[in-house]
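1. Coordinates only, no sequence provided:
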């Protein structure tokens, strides 16, 4: 009995340091330093609102492969999620159906406990593009070097596969399986997921070689001491939220989608225009794609398209993909153009990307010109190789628009060839006459 009192007292003392918690399990929006809400006065037992016996019995019933220990720390987090952060719990209930089927699929594939699906709630608040103050990102909060080095994810200015729910979930399952094999204990594996296996092993040595999370509790970093209790508390709340008057109101509904694999350059503006949906929808379905195009060195990038437009896409795939693969980079020899508005046809299937030029006027800046030309500032800078943010008067800027092209077909090869319009032929004749008169 005396040992139990000493243990509880130590937990209370260490709990005051929880206000220092930052990092991976601090979701991006308003879940700010949850442990600062749980500070206890040193040596003063907490006053609980929920009956401890009730939580303890329910945790025993929920327990499967991962132990769901009851103590004053886990109880305190249950009360935080039930009262002070009830709105966070409610949002998790509203968003879980978007991600849980995917989590359950990969947990089953790797033979892992189903309850691990609740870990992502603590990691990222089910926020696909959550970034911690240490640089960890995505639903499962991978650091860039871990994502690249250990799991072969692409993380750069164009594509960040940490934000791909499927890619990140499979990597998380692989990592959790590896950690459990290393430590042989789920609590230690979870602690290692949060702080790294080296820090857990160091804590085990400092605490006399104990191989139990609660045995090395005092030797762990503050954020890791809170990590496992939060996981246990969230597991409880996801199963007994009704009994604490928390229920979802505004369900988050996922957009049904189908996927294609893309290698090489792809202009996403063109893809969405020709398929008939918005670029914003594409961005929502593909948070891992950071730019409005895929770079030339893209390899087997999964691009999700709305299911409602996928049939049309497959029926017109050749035309759409050929158009979207036109690289609209400005050739160096065209940069010296001095015409105010010049039109040039680029061969394309069914649609062509026509190049135009714009002469910078007094008072123009990147934003105002981009609005006039109806393209993004980033696209304008990329097409014209602009590194800074300033334009000079008289500077010639290039941009492109998609228009229909007249076509004729080669029966022998089945290839499309393009004929120039009569207007362009007439204009050339007029120009040649003017030149001959001047001479």
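-> In hand now; what should we look at? Remember, it's a predicted structure, so these values are computed and weren't measured experimentally.
2. Give me the buried positions along the helix or strand encompassing residue 168.
-> Per DSSP states H and E, residue 168 falls inside helix 165-183. In terms of neighbour count (16 or more other C-beta atoms under 10 Å), helix 165-183 has its buried residues at 165, 167-173, 175-176, 179-180, 183. For glycine as for every other residue, the C-beta is placed from the backbone atoms N, C-alpha and C.
3. What of stretch 290-306?
-> Buried residues in stretch 290-306 (16+ other C-beta under 10 Å): 292, 293, 294, 298, 301, 303, 304, 305, 306.
4. Residue 288 is in contact with the fourth one, correct?
-> When you say that, I think you mean residue 298. No: proximity of residue 298 to residue 288 does not meet the contact threshold set by C-beta atoms under 8 Å, at 11.5 Å.
5. and for those two, which residues touch both?
-> The contact sets of residue 298 and residue 288 overlap at residue 159 (C-beta atoms under 8 Å, 6 or more residues apart in numbering).
6. quick one: residue 50 is in a helix?
-> No: counting by DSSP: H, G, I helix; E, B strand; the rest coil, residue 50 is located in no helix; its state is coil.
7. which residues touch it?
-> Taking C-beta under 8 Å, 6+ apart as the test, what residue 50 contacts is 75, 78, 79, 82, 244.
8. just the residues you listed now: which is nearest residue 227?
-> residue 78 (15.2 Å; C-beta to C-beta).
9. Can you report how many residues neighbour residue 87?
-> 11 (other C-beta atoms under 10 Å).
10. Now do the same for it: its pLDDT.
-> Residue 87 is assigned 95 on the pLDDT scale.
11. now the one 3 residues further on
-> What the model reports as pLDDT for residue 90 is 96.
12. do the one 3 residues further on as well
-> On the pLDDT scale, residue 93 is placed at 97.
13. I figured it was touching residue 250, is that so?
-> No: Residue 93 lies out of contact with residue 250 (C-beta under 8 Å); the separation is 10.3 Å.
14. Of the two, which one has the most company?
-> residue 93 (20 against 9).
15. Name the residues of stretch 382-396 that are buried.
-> 382, 383, 384, 391, 395, 396.
16. typed the wrong thing, it's stretch 216-233
-> 216-217, 219-233.
17. Would you confirm that residue 183 contacts residue 190?
-> No: judged on C-beta under 8 Å, residue 183 makes no contact with residue 190 at a distance of 9.5 Å.
18. max-length helix in this structure?
-> helix 86-109 (DSSP state H).
19. Show me the contact partners of it.
-> 27, 30-31, 81-82, 113-114, 116-117, 120-121, 125-126, 139, 165-166, 169-170, 172-173, 234, 237-238, 241, 244, 246-254.
20. Same check on stretch 226-237?
-> 18, 21, 25, 34-35, 55, 58-59, 62, 68-69, 71, 73-74, 76-78, 80-82, 89, 92, 115, 118-119, 121-122, 187, 190-191, 194-195, 213, 244, 246.
21. Which stretches in the protein count as strands?
-> For the chain, the strands defined by DSSP state E cover 257-262, 266-267, 293-294, 301-306, 351-359, 396-404, 407-409, 416-418.
22. gap between the first one and the chain center?
-> Right, the one you point to is strand 257-262. Taking C-alpha atoms, centre = their mean, to the nearest Å, one finds the center of strand 257-262 at 17 Å from the center of the full chain.
23. So which elements touch it?
-> Judged by 3 or more C-beta pairs under 8 Å, 6 or more residues apart in numbering; DSSP states H and E, strand 257-262 is in contact with strand 301-306, helix 307-315.
24. Output these as TSV; include the columns mean pLDDT.
-> Output for the helices and strands packed on strand 257-262, formatted as TSV (pLDDT from 0 to 100):
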stretch	mean pLDDT
strand 301-306	96
helix 307-315	96
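25. need these in a markdown table with distance to residue 134, can you?
-> Formatted as a markdown table, those follow (distance: least, C-beta to C-beta, whole Å):
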| stretch | distance to residue 134 |
| --- | --- |
| strand 301-306 | 27 |
| helix 307-315 | 37 |
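26. of all those, which lies closest to residue 283?
-> Among the helices and strands packed on strand 257-262, the nearest to residue 283 by C-beta to C-beta is strand 301-306 (10.5 Å).
27. Neighbouring strands - and their directions - for that closest one?
-> strand 257-262 (antiparallel) (DSSP bridges).
28. my guess is residue 139 contacts residue 126, does it?
-> Yes: with contact defined as C-beta under 8 Å, residue 139 reaches residue 126; the gap is 6.8 Å.
29. Now do the shared contacts for these two.
-> With C-beta under 8 Å, 6+ apart as the test, residue 139 and residue 126 both reach 99, 120.
30. Those two - which one has more neighbours?
-> Taking neighbours as other C-beta under 10 Å, residue 139 and residue 126 compare with residue 139 leading, 27 against 20.
31. Contacts only, for that one.
-> Contacts for residue 139 (C-beta under 8 Å, 6+ apart) come out as 99, 120, 123, 124, 126, 127, 128, 130, 165, 168, 169, 172.
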